[in-house]
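*Asks:* curious how this folds, go ahead:
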Amino acid sequence: MVIIQIQQLIIEIRPLNDSLEMSESERIKRLAGDTVRAKTSVNPFVLCCTLLAVSLGSGCADSDADPVFDTVSAAKLQASLDSSVKDLEIPGAVLAVRSPNGAAWIGTSGYGQIGSAVSPGDAQYGTDVAMSSEMHFHIGSITKTFTATIILQLIDEGKISLDDTIDQVIQKWLPSYFDFTIPYSDTITIRNLLEMRSGMGNYSFDRKYLRDININPLAKWDPKTLIRYGVESEDTPAYPPDTRSEYNNGNYILLGIFIEKITGNPYNDEVADRIIKPLNLKNTSVPSDPSMPTLMPTAISIATQIMN
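*Replies:* Just a heads-up that it's a prediction; the model follows:
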């Protein structure tokens, strides 16, 4: 049985037993759960909007021929995808699967754009556009996987360590950056940030932040400002690190700040130079503004879970 997460990016499907002998850093890279942009294609990454549980065949073909995804498994995947789109009442989804032998399958279901044109004067106004694997998607919090990967690379390079505290990193790499104090910064470690166990105040649920973002939803927020919302939040006060797990975007906002200050380069450049270019992800990018390439779905994906 293979569990496939559908959320809008492309994730390489590996044999399930390949995680048994992972090192700690490899496990964190796999589990680390804000926005990179990707185009669906069969390269090591898949996008989706729910969870599918399907039994996959091997996709085997003649060993001397190019691998072919077997038709029975493809039919089961397509049926599961169609059923999920219907049951979840979402406009559409794209699913890409690569079997262990390299055979690939891409399926689409539903619509990527509902009433695709911008204004009634456009000839295409009101026309629904079927979901396509050629569309581009915001991948949202899957960007955290990219951030975690770069942090682990910096650890491998000896710049920081998993057990460094926030204070230690700040004192070494950005001593004058913050004009406020992060609670428990002397005990919160890089490991805590990666694992969502820092206990930092959660700006995403702070009423002042929610009020401000509703007033100006297109504002481009400075990372330090977002951290400040969490630090000053009365709605989500900080608590000692490693007490419990709590999904908090602030953890990875702070890691993103560290990446820029440690490398001396913009986050976008580090993602491109360390991940996108080496992996030849030609249709993946970090946007600097809300604009998107042509062929993009207008539907909003539902929240997703990480399955281990």
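*Asks:* okay, now the residue nearest to A272 when sequence neighbours are not counted: neighbour count?
*Replies:* Of all residues not flanking A272 in the chain, V286 sits nearest, at 6.9 Å (CB to CB, 6 or more residues apart in numbering). Quick note: C-beta positions are derived from backbone N, CA and C, even for glycine. Residues lying near V286 (other CB atoms under 10 Å) number 18.
*Asks:* what's the pLDDT at V286?
*Replies:* pLDDT, V286: 86.
*Asks:* ok, S73 next?
*Replies:* 92.
*Asks:* so it, which of the three states?
*Replies:* When classified by DSSP: H, G, I helix; E, B strand; the rest coil, S73 comes out as helix.
*Asks:* what's the burial count for it?
*Replies:* 20.
*Asks:* shaky segments in the stretch 151-300 of the chain?
*Replies:* Scanning the stretch 151-300 of the chain for pLDDT under 70 picks out 290-300.
*Asks:* mind listing the helices for it?
*Replies:* Along the stretch 151-300 of the chain, counting by DSSP state H, counting those that start in this stretch, helices occupy 166-173, 190-194, 207-215, 223-232, 249-263, 267-271.
*Asks:* and those helices as JSON lines, adding mean neighbour count?
*Replies:* Compiled in JSON lines, the helices of the stretch 151-300 of the chain are given as follows (neighbours: other CB atoms under 10 Å):
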{"stretch": "helix 166-173", "mean neighbour count": "17"}
{"stretch": "helix 190-194", "mean neighbour count": "23"}
{"stretch": "helix 207-215", "mean neighbour count": "13"}
{"stretch": "helix 223-232", "mean neighbour count": "19"}
{"stretch": "helix 249-263", "mean neighbour count": "22"}
{"stretch": "helix 267-271", "mean neighbour count": "19"}
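*Asks:* so which of those helices comes closest to I139?
*Replies:* With respect to I139, and counting by CB to CB, the nearest of the helices of the stretch 151-300 of the chain is helix 267-271 at 11.8 Å.
*Asks:* T187 and R197, how far apart?
*Replies:* According to CB to CB, to the nearest Å, T187 and R197 sit 11 Å apart.
*Asks:* from what I can see R228 touches I182, true?
*Replies:* No - with contact defined as CB atoms under 8 Å, R228 does not count as touching I182 (9.5 Å).
*Asks:* could you chop the chain up by domain?
*Replies:* For the chain, the structural domains run 2-142, 143-282, going by automatic domain parsing.
*Asks:* who's more crowded, T187 and R197?
*Replies:* The neighbour count for T187 versus R197, taken as other CB under 10 Å, is higher for R197 (19 against 15).
*Asks:* the more buried one is in contact with D242, isn't it?
*Replies:* Yes - R197 lies in contact with D242 (CB under 8 Å); the separation is 5.1 Å.
*Asks:* what's stretch 185-192 in contact with?
*Replies:* By CB atoms under 8 Å, 6 or more residues apart in numbering, the residues outside stretch 185-192 that reach it are 151, 155, 160-167, 169-170, 182, 197-200, 240-242, 251, 255.
*Asks:* sorry, wrong one. I was asking about stretch 217-231.
*Replies:* For stretch 217-231, the external contacting residues (CB under 8 Å, 6+ apart) are 177-178, 180-183, 200-203, 206, 208-209, 212-213, 236, 238, 248-250, 253-254, 256-257, 289-290.
*Asks:* recalculate using a threshold of 10 Å.
*Replies:* Contacts to stretch 217-231, defined as CB atoms under 10 Å, 6 or more residues apart in numbering, come from residues 34, 177-183, 185, 198, 200-206, 208-210, 212-213, 235-238, 248-251, 253-254, 256-257, 260, 267, 288-290.
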